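Peer 1: Sequence and predicted model, in that order:
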There are 2 protein chains.
Amino acid sequence: MMHMLTPAQWVQEELLAGRNLQPAQEQASAYAPANIALSKYWGKREKHFNLPITGSLSVSLADHGSQTKLQIIDAPEHAVYLNGEQQGADTAFVKKLDTWLALFLPTDVHLRIDTHNTVPTAAGLASSASGFGAMALACNELCGWQLDYTSLSTIARLGSGSASRSLWHGFVKWQAGAADNGHDSVAYVLPERWPQLRVGILTVSSASKAVSSREGMQRTVQTSPLFKQWPSQANSDLATIEEAIMAADFSLLGQTAEHNAMSMHATMMAAWPPLVYWQAESVAAMQQVWALREQGIEVYLTMDAGPNLKLLFEEHNTPLIKQVFPLLDVIQPFQSAHKNS
Amino acid sequence: MMHMLTPAQWVQEELLAGRNLQPAQEQASAYAPANIALSKYWGKREKHFNLPITGSLSVSLADHGSQTKLQIIDAPEHAVYLNGEQQGADTAFVKKLDTWLALFLPTDVHLRIDTHNTVPTAAGLASSASGFGAMALACNELCGWQLDYTSLSTIARLGSGSASRSLWHGFVKWQAGAADNGHDSVAYVLPERWPQLRVGILTVSSASKAVSSREGMQRTVQTSPLFKQWPSQANSDLATIEEAIMAADFSLLGQTAEHNAMSMHATMMAAWPPLVYWQAESVAAMQQVWALREQGIEVYLTMDAGPNLKLLFEEHNTPLIKQVFPLLDVIQPFQSAHKNS
């Protein structure tokens, strides 16, 4: 710990050692999908490197994600556009991007950054995961690093933890790692494909969240007595989800993912002050999901740090589920027009 | 454990040793208040004796409770009336009463049992707590046992755990005890009074619960990984609530009670299948309570294994809280027309 590097030192002196820090071309662009964790990332062991207490595993959301274009500009600072609108230099979003770019980009290089989120608004998906995923891919291109995606996942992670899982399509695992500088806290794609798997996005409330994921995670780790039990459950759920994917066992996948999500929300609820991301509509929708299961229709739910539900089901149940949730946005994770990853 | 007595043997041979098991008079009646646990009873260490994993502490609800009258009748079985209506012999309620009476009453004695619940319906209060509390008090009278209330609390407990706390007005503590036969798992009343304390009953949904408390408790203990952490939290909360009562520290009381209740619900939610007693309306009401707190009005919530909220506040905030919750049933725990306990 005495010779601990800062994140910027680690990126420049170790991860990118021998590589050019100057841009190699004028512009670059990349796409990265959003992702839904089946086994959640909840709790950091270190905050400067965004290192998680446990591993996590997600499925990417195909064409729901971020398309980002970078262009070198002759200007005193970066110019950031989100869905076509320029963002003020003092917004949290731009500050976060500035801090992240400063990890490796020479201070005299400035970029015009154009990000388009191809995700439904207010679904808790237009988040930092696909954004920093696409940024990492685009920077790799711009600077000609030719880093492998797993190494890039560590750069994406320094922007947002769940971004480390947003570089690939399909099932992605982010292993916790043990090193102080997180060089082993990397993500990688699993070879398994599951064409019949569906993820439904159910936007039940567009109420913006009063407490950020980052703050919620911290409050939970610090004040929830039940959180002491979380890491061992999360590790066990992660192993089970991986087994379920390898065996294409949908019931095991769905049950474990739902149990994992409910348990994560439980650890928040036992924080002080209580952290309940659910709105009335969330609970009404949950009860509908459970009613469907009682009728024998296999559908499971998962939720992130927000009020909306993500449903897991298989293709053949789509019509029945759409009857109950007509506004459900049904995603085919293994069918995407984007093939860049 | 080799010479373990059954509950009936323990009651007859130990608790009531030397006392008459035959009724000493023709009839008897008693009242017992309902109670709200500030530090919850959630999880049994033994089911035949209804022994809890941890202690708990409640406040009684004054005139919300059960008035029960017993009368010896010449009939082949007990006749049970609830709020004036005779209950069928095969109902769960009557079966539970039969089993409990058989713990000590000679099999040739039959009673007419008239119970009136002076509680709002569907508020999760017309439960077994005040019912078995009143039954224990009335049986003590009928048979002339002259048992002290703390001993009677063990008899009430054999009918329903939380009934052990329903024999007194005010703050009541039920200690877990350690003995196999639960002779030390007794309740007693605390000397402290708190005339300014208010309990508001907020009936947000009259949807009947799909899973009984008994079953929910069992599922949680057996399947919720987070439950492993519950006993140490419950014990710590219990000690804090007792301190708060002694110091008349309302903030400490309210915070600890709310945290305890949320944590109990969290352990349920992490059970499998997930156990969520909340309805949409419950969450809407919770958010209103938290919004009131953000405005500086000290009000805390607690919930039992059902969708309704119980609010804790002090007298001076009653008008403001009634503005937000016009239908709130405001109870003054330390002011009751019933003085029998």
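Peer 2: In hand now; what should we look at?
Peer 1: Strands of chain A, residue ranges please.
Peer 2: A:27-39, A:44-46, A:51-52, A:56-73, A:79-82, A:85-86, A:110-117, A:171-174, A:187-189, A:197-202, A:300-303, A:309-314, A:329-331 (DSSP state E).
Peer 1: Redo those strands as CSV? Include mean pLDDT.
Peer 2: Output for these, formatted as CSV (pLDDT from 0 to 100):
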stretch, mean pLDDT
strand A:27-39, 97
strand A:44-46, 93
strand A:51-52, 96
strand A:56-73, 96
strand A:79-82, 96
strand A:85-86, 95
strand A:110-117, 96
strand A:171-174, 98
strand A:187-189, 97
strand A:197-202, 97
strand A:300-303, 98
strand A:309-314, 98
strand A:329-331, 96
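Peer 1: could you redo these as CSV and give each row mean neighbour count and distance to chain B?
Peer 2: The C-beta positions use only the backbone N, C-alpha and C, and glycine is treated the same way. Shown next, in CSV, are the strands of chain A (neighbours: other CB atoms under 10 Å in any protein chain shown; distance: least, CB to the nearest CB, whole Å):
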stretch, mean neighbour count, distance to chain B
strand A:27-39, 25, 13
strand A:44-46, 16, 19
strand A:51-52, 24, 18
strand A:56-73, 23, 17
strand A:79-82, 17, 29
strand A:85-86, 10, 31
strand A:110-117, 20, 28
strand A:171-174, 24, 21
strand A:187-189, 21, 25
strand A:197-202, 22, 14
strand A:300-303, 23, 9
strand A:309-314, 23, 13
strand A:329-331, 19, 21
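Peer 1: I'd like the ones you listed as TSV, with distance to residue B:49 appended.
Peer 2: Output for those, formatted as TSV (distance: least, CB to CB, whole Å):
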stretch	distance to residue B:49
strand A:27-39	40
strand A:44-46	44
strand A:51-52	44
strand A:56-73	43
strand A:79-82	63
strand A:85-86	67
strand A:110-117	59
strand A:171-174	48
strand A:187-189	52
strand A:197-202	45
strand A:300-303	38
strand A:309-314	42
strand A:329-331	52
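Peer 1: Quick check: nearest residue in space to residue A:75, chain neighbours excluded?
Peer 2: residue A:110 (5.0 Å; CB to CB, 6 or more residues apart in numbering or on different chains).
Peer 1: Which positions in the stretch 201-341 of chain A make contact with chain B?
Peer 2: Selection of the stretch 201-341 of chain A residues close to chain B by CB under 8 Å from any CB of the partner chain yields A:224-226, A:228-230, A:232-233, A:236, A:255, A:258-259, A:262-263, A:265-267, A:269-270, A:272-274, A:276, A:278-284, A:286-287, A:290, A:293.
Peer 1: Using PyMOL, make a named selection holding only the buried ones among those residues.
Peer 2: Burial among those is assessed by 16 or more other CB atoms under 10 Å in any protein chain shown; the matching PyMOL selection reads:
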select buried, chain A and resi 224+225+226+229+230+233+255+258+259+262+263+265+266+267+269+270+272+274+276+278+279+280+281+282+283+286+287+290+293
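Peer 1: sorry, back to before: surely the residue nearest to residue A:75 meets residue A:73?
Peer 2: Yes: applying CB atoms under 8 Å, one finds residue A:110 in contact with residue A:73, separated by 5.5 Å.
Peer 1: intersection of neighbour lists for those two?
Peer 2: residue A:79 (CB atoms under 8 Å, 6 or more residues apart in numbering or on different chains).
Peer 1: and the residue positioned nearest the centre of chain A, what is it in contact with?
Peer 2: Geometric centre of chain A, nearest residue: residue A:162, 3.2 Å, by CA atoms, centre = their mean. By CB under 8 Å, 6+ apart, the residues touching residue A:162 are A:35, A:37, A:41, A:56, A:58, A:127-129.
Peer 1: Let me have those residues in JSON lines, extended by distance to residue A:185.
Peer 2: Output for those, formatted as JSON lines (distance: CB to CB, whole Å):
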{"residue": "A:35", "distance to residue A:185": "16"}
{"residue": "A:37", "distance to residue A:185": "15"}
{"residue": "A:41", "distance to residue A:185": "11"}
{"residue": "A:56", "distance to residue A:185": "11"}
{"residue": "A:58", "distance to residue A:185": "15"}
{"residue": "A:127", "distance to residue A:185": "19"}
{"residue": "A:128", "distance to residue A:185": "17"}
{"residue": "A:129", "distance to residue A:185": "16"}
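Peer 1: Can you pick out the ones from the residues of the stretch 201-341 of chain A next to chain B that are in helices?
Peer 2: Counting by DSSP state H, these place A:230, A:232-233, A:236, A:255, A:258-259, A:262-263, A:265-267, A:269, A:280-284, A:286-287, A:290, A:293 in helices.
Peer 1: Not counting its neighbours along the chain, what's nearest residue A:32?
Peer 2: Per CB to CB, 6+ apart, closest to residue A:32 is residue A:133, 3.2 Å.
Peer 1: measure that neighbour to residue A:150 for me?
Peer 2: Distance, residue A:133 to residue A:150, using CB to CB, to the nearest Å: 13 Å.
Peer 1: Between those two, which is the more surrounded one?
Peer 2: Of the pair residue A:133 and residue A:150, residue A:133 is the one with more neighbours under other CB atoms under 10 Å in any protein chain shown, namely 38 against 15.
Peer 1: Count the residues that sit near residue A:146.
Peer 2: With other CB under 10 Å as criterion, residue A:146 counts 10.
Peer 1: What's the separation between the nearest residue to it once chain neighbours are set aside and chain B?
Peer 2: Closest residue to residue A:146 in three dimensions, ignoring its sequence neighbours and counting by CB to CB, 6+ apart: residue A:140, at 7.3 Å. Counting by CB to the nearest CB, to the nearest Å, the gap from residue A:140 to chain B is 39 Å.
Peer 1: Would you map out the domains in chain A?
Peer 2: Split into domains by automatic domain parsing, chain A comes to A:7-189, A:197-331.
Peer 1: Can you get me the start-to-end distance on the longest one?
Peer 2: Using CA to CA, to the nearest Å, the span of domain A:7-189 from its first residue to its last is 24 Å.
Peer 1: With stretch A:166-181 instead?
Peer 2: Span of stretch A:166-181 from end to end, CA to CA: 21 Å.
Peer 1: show me what contacts the nearest residue to residue A:138 once chain neighbours are set aside?
Peer 2: Distances taken as CB to CB, 6+ apart place residue A:30 nearest to residue A:138, at 4.0 Å, with adjacent residues excluded. Contacts for residue A:30 (CB under 8 Å, 6+ apart) come out as A:67-68, A:134-135, A:137-138, A:140-141, A:340.
Peer 1: Please repeat the previous calculation with a cut-off of 6 Å.
Peer 2: A:68, A:134, A:137-138 (CB atoms under 6 Å, 6 or more residues apart in numbering or on different chains).
Peer 1: Report pLDDT for residue A:341.
Peer 2: At residue A:341, the pLDDT value in this model is 51.
Peer 1: just residue A:123 next, same as before
Peer 2: 66.
Peer 1: Same question for the one 5 residues further on.
Peer 2: With respect to pLDDT, residue A:128 has a value of 87.
Peer 1: How many residues are close by it?
Peer 2: Counted with other CB under 10 Å, the neighbours of residue A:128 add up to 22.
Peer 1: Setting aside sequence neighbours, what's the nearest residue to it?
Peer 2: residue A:160 is the one closest to residue A:128 (CB to CB, 6+ apart), at 3.6 Å.
Peer 1: Could you tell me how far that neighbour is located from chain B?
Peer 2: 26 Å.
Peer 1: Next, the residue of the stretch 51-200 of chain A found nearest chain B: phi, psi?
Peer 2: Closest residue of the stretch 51-200 of chain A to chain B, CB to the nearest CB: residue A:54 (13.0 Å). Here is the backbone geometry of residue A:54 (degrees, to the nearest 10): phi -130, psi 170.
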